[in-house]
Every structure is written in C-alpha cells, then in structure tokens.
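Undergrad: could you work out the structure for the sequence below:
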Amino acid sequence: LKFNKRFVRYVTSPRYLVDVFSEGFFDEGELNADNDYKPLFGPKDSLQGSLRPERNCFDVYYYNLTIKVLPKTKSLEGLNQIFFVTKENTNKIQIDLSDNLDISYIEMNGKKLNYNRVYNAIFISFDKKLLANEKYKITVAYSGKPKKAIDPPWNGGLVWKRKKHKHWVGVACEHLGASSWWPCKDHLSEKPDSMTINVQVPKKYQGISNGNLRATYEIDKKYTNYEWHVAYPINSYCVTFYMGNFVNFSEVYTNSNGSYDIDYYVLPHNLDKAKVYYSQTKDIIEVYEKLYGEYPYARDGIAMIEAPYEGMEHQSAIAIGGDYGKSKRRNYENKDYDYLVVHELAHEWWGNTVTMSDMADAWISEGFATYSEHLFMEEKFGYEEYLSASASNMEYIFNIWPVVGIKDVNDNTFFGGDIYQKGAAI
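TA: Residues are numbered from 1 along each chain as shown. Reported below is the predicted structural model:
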C-alpha cells in the first residue's frame, strides 16, 4: 500500500516530483507552481548569466592560473593572470569571483587597480581608457574557502575527502560556475585560446589538471608545483584540478592521422581494478571518431582521473568516480560497458567542443551526450539495441520543466534530468 501510494504520487503529482528532483540541487527557498517551479531570479543571477557591456568589451585569449591547495583548512590561495584583447574602447570590465573569496589585489603593469564587488561580479576600473583592439594583462591575487560541494556534480563546488588516510580533492562546478574557485570571465560564451594551470599541493601528493604536464618542481620543503598546459580553447567549468595520492598508467591510441596518449590517474588500491575497467576506453573512442571525427584535443591527449564524486566531463581530464563499474548507471539491456565513461567521453565533442553559450541550453550538451550512448549501442550491438536504449531512456522523461531554460540568468536546467532524456529524444 505504501509503495502504491508513492507510485501514484510519482506519476501524477508535479509537486511531489519537484520536491524529489530539486533535493540536493537547490540551496534555499521553495520552488512554487506560481513561478513554474523555478527559483526567483534577481540581480545576482543576471550578473552571472548575462553579457553586459562590461563583459562584451573584451575577449580573453589566455589565462595563467596558479592554485595552492591547503587541504587542512579546506582553502585555496591563488593568482590568475588574465590576458585579453579589447573589442572596443572601455574604462571598465567585469570579471567574476565568488564573494566568499577574498581579493588581495588586482593590478596591471605593477599598479593596483580600483574595483567594486557586486555579489560575485567584480567591476574593475582603469585610470586611462583601454583602446579597442589592444592587448592587456591584469593579475588577480585571492584566497579563501570556496563553496563546499553539497551533492557533486549537481550541487557543486570543492570536494574534500580522505581515502586510506590520504587527502583526496576535486572540483565540480558546471552550473555553479568556475568563479566559485578562480577569478575569470565566467560566461559560457568565453573560451581562452589556451591556458596554463599551476597546481601547488603538499609533497607526497600529485596535482592533476587539464592538458599536458610540462614541469614539476619543488616550491619549498612542503609544496610541489605541477605545471599543466592546455593547447586548445576551453570553457571555464571544464577547467579543473585534482589532488590525491595517485598512481599513473597509460596507453596510446592510434588512428589514421597519428596517435595520442591516454593517461589514467587512480588511487593505488584500485590500480588492478582500474586497468580492467579502462580496457573499454579505446573501443569508445573508436566509435566516436567514426561518428563525429577525430578526438578534438589530440595534442593534449586524454586523461581519466579517479574523482571523489561520480563524474564530470572536464576537458582532457575527465572525472570518473571510483567504483569502477560496480554500480551500473543505465537500465540498458547490454551491460558490457559502463555508460559513465561512454557518456563523459561523448562530452569531449558535445559540451567541450560544441559548448552552449547559456546554461539555458545545457540540453545541447547533455542531450547529445546521452544520445551518443544510444549511437554507441547501435555501433557495437546493432539497431535493436539502439531502439531498446532509446525506449528505456524515454521512460524517464517527466516534463516538469521546459528543456530550454530561461536565458541570461544562469538557469539550472539540470532539475529533473529532462535535458538528458528528453534532450536525447529530441
């Protein structure tokens, strides 16, 4: 009787579904029918989600980011050099950094700049007008305790865990925003052409990030710097770091155009399990290169990192939770592959290369990645398996919220999951 009552509510009551789906996604307030079960948006949301004149007037072409990780206090110390070209004359620009992080200074050419913080937006004023089509560099120094993830990756932030008495740190911030942990122009329409990421971690740990490791050196007796370089454009939420007691193994993928490395960073006690689990990787890449063209970041290679949460499509540094297929994450008939890896690898094409310019259109990323799972089934097991996967997927379309969200306010369209299932059906 209890089950039947719950089931009836599940299939008939939008209010019940809203409460179920928004749990873990939404920090405060209540989602009500008179607002279509959406949060009430305000100036803070517009400052994050819209392209104001102070954002449109410049284009970032390179970041040089340094992050020092302090796991004992769950805090960061950082420095970001932002290289940009002006698109028009201006004496003010907007960058972004969560207001719970402290700014030590912002400077250009050795001179401190004045700035005004409005929620998480930072409006930087210049003494002289910046001229159109000129290149500039500002430096932002900051520190503090970033938001701790409540339910990563859905309700994101920094993830601080311990495994086998060792620190294990990651970040997932797709909807929350990259500015929750580093200062940047935090709008999805902005991708620098390339980026350097220095991850400074206590000795005996590794700092992993996007792209290729270019250098490792000691800073002092307690910390080591890992310098990573991304050779391609990258969206802000795909920039990431991991800190842990990792071991590394690798293999080479070869296609008609050449070859590139696939690296795996896993916790030592999972090494044997991970080697078996990742035997699927080359099969998945082969299918996607047939469907969509060559892997888009060949010079950076591919990396899979054991993460302290389920998964996230960080460009060339994909987060994969550490149960190694123990929980099958899809109700597909075929169980030969773990569809977490199938899904997250699809994002290298859909989400990381083709990136939505507003969080309202996140269905483009998640819908295509989920549909890619079905195409993968077809390529490996035939058309009937494709139909079965598509039908199974459609059982989980709930139609509580529109697939396309509200633009210019960083709308959270992940509620309910329709951007995955209905996106794939579309």
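Undergrad: what ranges does this protein have for its helices?
TA: Using DSSP state H, the helices of the chain run over 2-12, 14-22, 43-49, 53-56, 271-277, 281-292, 339-346, 362-381, 383-394, 418-425.
Undergrad: now do the last one: distance to the chain's middle.
TA: Read that as helix 418-425. The gap between where helix 418-425 is centred and where its chain is centred comes out at 19 Å by Cα atoms, centre = their mean, to the nearest Å.
Undergrad: give me the neighbour count for Asn212.
TA: 17 (other Cβ atoms under 10 Å). Heads up, the C-betas are built off the backbone N, CA and C, glycines and all.
Undergrad: so it touches Trp228, yeah?
TA: Yes - look at Asn212 against Trp228 with Cβ atoms under 8 Å: they come within range, at 6.7 Å.
Undergrad: what's the helix or strand bottoming out on mean pLDDT in the chain packed up against?
TA: Among the helices and strands of the chain, helix 2-12 carries the lowest confidence by mean pLDDT, DSSP states H and E, at a mean of 71. In terms of contact count using 3 or more Cβ pairs under 8 Å, 6 or more residues apart in numbering; DSSP states H and E, helix 2-12 is assigned the packing partners helix 14-22.
Undergrad: show me which residues of the helix it packs on are buried.
TA: With burial defined by 16 or more other Cβ atoms under 10 Å, the residues of helix 14-22 counted as buried are 17-18, 21-22.
Undergrad: that helix vs helix 418-425, what angle?
TA: 100 degrees (axes from the mean of the first three to the mean of the last three Cα atoms, to 10 degrees).
Undergrad: how far off centre is helix 14-22?
TA: On the basis of Cα atoms, centre = their mean, helix 14-22 sits 25 Å off its chain's mean C-alpha point.
Undergrad: and stretch 109-116, what's buried?
TA: By neighbour count on 16+ other Cβ under 10 Å, the buried set for stretch 109-116 is 113, 115.
Undergrad: got a list of contacts for it?
TA: The set of residues external to stretch 109-116 that reach it, using Cβ atoms under 8 Å, 6 or more residues apart in numbering, is 103, 105-107, 122-126, 138.
Undergrad: wouldn't Ile320 be in contact with Glu313 here?
TA: No - in this structure, Ile320 is not within contact of Glu313 by Cβ under 8 Å, at 10.3 Å.
Undergrad: any shared contact partners between those two?
TA: Listed as contacting both Ile320 and Glu313 by Cβ under 8 Å, 6+ apart are Glu344.
Undergrad: can you give me the neighbour number for the residue nearest to Leu188 when sequence neighbours are not counted?
TA: Closest residue in space to Leu188, ignoring its immediate chain neighbours: Ser357 at 5.3 Å, by Cβ to Cβ, 6 or more residues apart in numbering. Residues near Ser357, counting by other Cβ under 10 Å, number 14.
Undergrad: quick check, Ser357 in contact with Asn235.
TA: No - under the criterion of Cβ under 8 Å, Ser357 makes no contact with Asn235, lying 9.7 Å away.
Undergrad: mutual contacts of these two, please.
TA: Joint contacts of Ser357 and Asn235 (Cβ under 8 Å, 6+ apart) are Leu188.
Undergrad: low-confidence ranges in this protein?
TA: Confidence mapping of the chain against pLDDT under 70 gives the ranges 1-3, 24, 26-29, 328-329, 331.
Undergrad: burial check on Glu88, number of neighbours?
TA: When counting by other Cβ under 10 Å, one arrives at 12 neighbours for Glu88.
Undergrad: kindly report the same for Lys290.
TA: 11.
Undergrad: which ones are touching it?
TA: Lys290 makes contact with Glu379, according to Cβ under 8 Å, 6+ apart.
Undergrad: separation between it and Asp283?
TA: In this structure, Lys290 lies at 11 Å from Asp283, with Cβ to Cβ, to the nearest Å as the measure.
Undergrad: tell me which of the helices of the chain sits nearest to Leu31.
TA: Each of these has some distance to Leu31 by Cβ to Cβ; the shortest is helix 14-22, at 5.5 Å.
Undergrad: now the angle from the closest one to helix 2-12?
TA: Using the same axes, to 10 degrees, helix 14-22 lies at 90 degrees relative to helix 2-12.
Undergrad: thinking again about what came up before, off-centre distance for the least confident helix or strand of the chain?
TA: Using Cα atoms, centre = their mean, the distance between the centre of helix 2-12 and that of its chain works out at 35 Å.
Undergrad: columns distance to Cys184 on top of the buried residues of helix 14-22, output as TSV?
TA: Converted to TSV, the buried residues of helix 14-22 look like this (distance: Cβ to Cβ, whole Å):
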residue	distance to Cys184
Leu17	35
Val18	33
Phe21	30
Ser22	28
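Undergrad: which residues of the stretch 51-200 of the chain fall in strands?
TA: Here the stretch 51-200 of the chain has its strands, by DSSP state E, counting those that start in this stretch, at 58-70, 75-86, 90-96, 101-108, 111-112, 114-118, 121-130, 135-144, 157-163, 166-172, 194-202.
Undergrad: partners of the fourth one, with directions?
TA: By that I understand strand 101-108. Strand 101-108 sits in its sheet next to strand 111-112 (antiparallel), strand 135-144 (antiparallel), going by DSSP bridges.
Undergrad: give me the distance between the residue nearest to Tyr61 when sequence neighbours are not counted and Lys221.
TA: Using Cβ to Cβ, 6+ apart and skipping the chain neighbours, the partner closest in space to Tyr61 is Asp193 (4.8 Å). Using Cβ to Cβ, one obtains 36 Å as the distance from Asp193 to Lys221.
Undergrad: same thing with Asp263?
TA: Asp263 is 28 Å from Lys221, where distance means Cβ to Cβ.
Undergrad: of the two, who's got more company?
TA: Taking Asp263 and Lys221 together and counting by other Cβ under 10 Å, Asp263 has the greater number of neighbours (18 against 6).
Undergrad: doesn't Ala303 make contact with that one?
TA: Yes - in this structure, Asp263 is within contact of Ala303 by Cβ under 8 Å, at 4.4 Å.
Undergrad: next, count neighbours for the closest residue to His175 other than its chain neighbours.
TA: Distances taken as Cβ to Cβ, 6+ apart place Asn412 nearest to His175, at 5.2 Å, with adjacent residues excluded. Around Asn412 there are 22 other residues, counting by other Cβ under 10 Å.
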